[in-house]
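Asks: I'd like to go over a predicted model; first the sequence, then the structure.
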Amino acid sequence: MQTAATPKDSDRPGSGGLNWRQRKKLIAQRRLLVDAYVQALGGSTRANPILMTDIERAVDLVILAREMRAAVRQGTAKISDLTRLEGAADRAVRRLNLRPPKAAAAIGLDDIVAKHAAEGSG
C-alpha cells in the first residue's frame, strides 16, 4: 500500500515511468549499441568482463544523455545537467579507445563514369 511518505515512481518529478513498449525498445537499442561497440573493438573474442563493464557503462551514459536531451527539449531538465552528463558519456566512450571510422574516399566524376562503364560492359 502506498502512503504519502512513499511516492510512486510516476509521482516523482522527472521520472515519467516507462511502459512496457518503451522499456522493450530501450532494451533493444541498448543491446544494439553494446553489440556495435563490441564489434568496433574487435568482436566478442576480445571482449573480457572488464571490457564489457566499460562498454556497458559507456552505453548507459550515452542512452541517459540522449534521454536527458529530450527532457531538455521538453523543458523538464536543465541544460547544465545535460552538459555534465554528455561530458561523462563522451569520456566513457573515449576511454574505450575506439578507432575513428574511415572517411569515405572522395569520388570524382571520372571515377563514377569508369564504374558505370565497367558495370555496363560486364
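Replies: Looks like it came in fine.

Asks: doesn't residue 38 make contact with residue 44?
Replies: Yes: with contact defined as Cβ atoms under 8 Å, residue 44 counts as touching residue 38 (5.9 Å). Bear in mind the C-beta positions are built from the backbone N, C-alpha and C, glycine included.

Asks: and those two? which has more neighbours close in?
Replies: residue 38 (17 against 10; other Cβ atoms under 10 Å).

Asks: So that one, which state does it fall into?
Replies: helix (DSSP: H, G, I helix; E, B strand; the rest coil).

Asks: Now for it: which residues touch it?
Replies: 44, 47, 52, 55 (Cβ atoms under 8 Å, 6 or more residues apart in numbering).

Asks: what sits against the last one?
Replies: Contacts of residue 55 were listed using Cβ under 8 Å, 6+ apart, and they are 34, 37-38, 41, 47, 96.

Asks: So which of these sits lowest on pLDDT?
Replies: Ranked by pLDDT, the contacts of residue 55 bottom out at residue 47, which has 83.

Asks: For that residue, give its distance to residue 114.
Replies: 41 Å (Cβ to Cβ, to the nearest Å).

Asks: Enumerate every residue touching residue 52.
Replies: Counting by Cβ under 8 Å, 6+ apart, residue 52 touches residue 38.
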